[in-house]
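Participant: got a sequence here, can you model it:
(chains A, B, C and D)
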There are 2 protein chains.
Amino acid sequence: MEPKELLLKHLLETITLGPNDENCVLDSFTELKLQKKEVLLFAGDVSSHMRFIAKGCLRAYYMDEAAKEHVVQFGVEGWWVNDLYSYLTQTPAKQFVQALEPSIILQIHRDALRDLYNKVPAMERFYRLKFENAYVALQDRTINAMSKSAEERYLEFRTKYRGIEQRVPQYMIASYLGMTPEFLSALRKNLR
Amino acid sequence: MEPKELLLKHLLETITLGPNDENCVLDSFTELKLQKKEVLLFAGDVSSHMRFIAKGCLRAYYMDEAAKEHVVQFGVEGWWVNDLYSYLTQTPAKQFVQALEPSIILQIHRDALRDLYNKVPAMERFYRLKFENAYVALQDRTINAMSKSAEERYLEFRTKYRGIEQRVPQYMIASYLGMTPEFLSALRKNLR
DNA sequence: AACGGTTCTTAAGATAGCTTAAGATTTTTA
DNA sequence: TAAAAATCTTAAGCTATCTTAAGAACCGTT
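Facilitator: Numbers count the residues shown, from 1 in each chain, chains lettered A, B, ... in the order given. Alright, predicted model coming up:
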């Protein structure tokens, strides 16, 4: 399916759009192709787009003081990726966003989105709902991170992100789950 | 200040409301007084209100399989408390919401809020922005939970929630930070 | 087919954080 | 104001997870 078709389908799962609206919305997005390993957003830059993954797989991660990477989020087709903090506050991003596979992104500029909110109120609703859901999912993750063991976190990840486990290196999953790759490796061995 | 004045002031920090809107909005909220320890939402019930704290201090917490409490959130004047998952999905709450001090709440029913979104679009904007901010704050917390030591987490809590530390028992703070009360106690001793 | 890079595994020793249990302190209630 | 309840501290031993270091397996490229 065409990238913009995918986006439209994605939007229509949450809101309804009149035929005029559809064009107005889709025209606000631009397409972007990424190679494997290509970085879409650098820490230090200000994120000024909301980004929809039409194809491929990406991760958001940051580097701590010791230059160690911490994966914050994975995303595949149908997900959105960004350093939302940077985007929402227009301050330099703390996170990198990087393609883990050749990928196709549809992005909309902040200013264009602000216009769109006024032209097509359903889009404001779309993002309100999106943030509600994102919040709830993140709260779940936070609770898990704080109260569950490494093994429990891994098992939960496996069932929740079944597709993703096969597509990204294991050491990035360990990082996402807040444990060392060695420990994840040992833990997996124990499960068998 | 009167509870509804406080709420209005709170809303006007984010959006603008016409004089008609103001009444329309405030009339949609109802006031609720809580004694210390009184429970506002029980796990198992469905949350059907968004709740603004006009006065007092509350916590949201859940109980795990071993009947151990985990504090998910604190709230004081000017904050909102809820089991958002339950509210948004209309499923039984996993969390309790309980007053830690005598408190005054302003709450709006889900149905009333839906009407309000249509009557006063600025309110839809208000909640979109609220969820954006909530998401960003939570992401920060998640990253901290996963990549920082207990001591770092505690120090960050202290600076970020200065007011709250004095108002709630230390063992609840330990729970919020994902550590045992004994460990927090020992950690605090080491800081001196 | 072989090389360099990337990813995964294994294992030993170190440490942060947990458990348990008991006593000390503070707050609430009678 | 004394008793009861709630909260906080201390300390010893234990466990989960990390660190380091090395080698094995699996790429993708020439």
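Participant: do the longest helix along chain A and DNA strand D meet?
Facilitator: Secondary structure of chain A per DSSP state H: the longest helix is helix A:121-147. No - if you take Cβ under 7 Å from any atom of the strand as the test, helix A:121-147 misses DNA strand D, and the best it gets is 10.5 Å. For the C-beta atoms, the positions are set from N, CA and C on the backbone; glycine is no exception.
Participant: kindly report the same for stretch A:50-68.
Facilitator: No - using Cβ under 7 Å from any atom of the strand, stretch A:50-68 stays clear of DNA strand D, coming no nearer than 8.2 Å.
Participant: the spatially most central residue of chain A: what's it in contact with?
Facilitator: Residue closest to the mean C-alpha point of chain A, counted by Cα atoms, centre = their mean, is A:Val81 at 2.9 Å. Counting by Cβ atoms under 8 Å, 6 or more residues apart in numbering or on different chains, A:Val81 makes contact with A:Leu40, A:Arg51, A:Ile53, A:Leu58, A:Ala60, A:Gln73, A:Gly75, A:Val97.
Participant: ok, these vs A:Leu116, which is closest?
Facilitator: Closest approach to A:Leu116 among the contacts of A:Val81 (Cβ to Cβ): A:Arg51, at 14.9 Å.
Participant: burial count for that closest one?
Facilitator: Around A:Arg51 there are 22 other residues, counting by other Cβ atoms under 10 Å in any protein chain shown.
Participant: for it, which three-state class applies?
Facilitator: Following DSSP: H, G, I helix; E, B strand; the rest coil, the label given to A:Arg51 is strand.
Participant: re the thing from before, pull up the per-residue confidence for the residue nearest to the centre of chain A.
Facilitator: Listed pLDDT for A:Val81 reads 96.
Participant: mind checking how far it is from DNA strand D?
Facilitator: 22 Å (Cβ to the nearest atom of the strand, to the nearest Å).
Participant: now the contacts of A:Val81 in JSON lines, with pLDDT?
Facilitator: Formatted as JSON lines, the contacts of A:Val81 follow (pLDDT from 0 to 100):
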{"residue": "A:Leu40", "pLDDT": "95"}
{"residue": "A:Arg51", "pLDDT": "98"}
{"residue": "A:Ile53", "pLDDT": "97"}
{"residue": "A:Leu58", "pLDDT": "97"}
{"residue": "A:Ala60", "pLDDT": "96"}
{"residue": "A:Gln73", "pLDDT": "94"}
{"residue": "A:Gly75", "pLDDT": "96"}
{"residue": "A:Val97", "pLDDT": "97"}
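Participant: tabulate these (CSV), appending distance to A:Asp115 and secondary structure.
Facilitator: Shown next, in CSV, are those (distance: Cβ to Cβ, whole Å; DSSP: H, G, I helix; E, B strand; the rest coil):
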residue, distance to A:Asp115, secondary structure
A:Leu40, 23, strand
A:Arg51, 18, strand
A:Ile53, 23, strand
A:Leu58, 26, strand
A:Ala60, 26, strand
A:Gln73, 27, strand
A:Gly75, 25, strand
A:Val97, 24, strand
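Participant: now which of the residues you listed would you call buried?
Facilitator: The neighbour count (16 or more other Cβ atoms under 10 Å in any protein chain shown) marks A:Leu40, A:Arg51, A:Ile53, A:Leu58, A:Ala60, A:Gln73, A:Gly75, A:Val97 as buried among these.
Participant: burial of A:Asp27, as a residue count?
Facilitator: A count of nearby residues for A:Asp27, using other Cβ under 10 Å, gives 12.
Participant: how far away is it from A:Asn20?
Facilitator: For A:Asp27, the distance to A:Asn20 equals 11 Å [Cβ to Cβ, to the nearest Å].
Participant: go through the buried ones among the contacts of A:Val81 and name the one nearest A:Glu2.
Facilitator: A:Glu2 has its nearest neighbour among those in A:Ile53, at 14.3 Å by Cβ to Cβ.
Participant: is it true that that closest one touches A:Gln73?
Facilitator: No - counting by Cβ atoms under 8 Å, A:Ile53 stays clear of A:Gln73, with 11.3 Å between them.
Participant: got the residues of chain A near DNA strand D?
Facilitator: Within chain A, the positions near DNA strand D by Cβ under 7 Å from any atom of the strand are A:Ser149, A:Ala150, A:Glu151, A:Gly178, A:Met179, A:Thr180, A:Glu182, A:Phe183.
Participant: hmm, which two among those residues are most spread apart?
Facilitator: A:Ser149 and A:Glu182 (16.3 Å).
Participant: before we move on, the earlier item: need the max-distance pair from the contacts of A:Val81.
Facilitator: Greatest spatial distance among the contacts of A:Val81 (Cβ to Cβ): A:Leu40 and A:Gln73, at 12.7 Å.
Participant: can you give me the helices for chain A?
Facilitator: Taking DSSP H, the helices of chain A run over residues A:3-12, A:19-27, A:84-89, A:110-119, A:121-147, A:150-160, A:162-165, A:170-177, A:181-191.
Participant: so can I have TSV of those helices showing mean pLDDT and distance to DNA strand C?
Facilitator: Formatted as TSV, the helices of chain A follow (pLDDT from 0 to 100; distance: least, Cβ to the nearest atom of the strand, whole Å):
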stretch	mean pLDDT	distance to DNA strand C
helix A:3-12	97	26
helix A:19-27	95	34
helix A:84-89	91	24
helix A:110-119	96	32
helix A:121-147	89	9
helix A:150-160	95	11
helix A:162-165	90	9
helix A:170-177	97	3
helix A:181-191	95	3
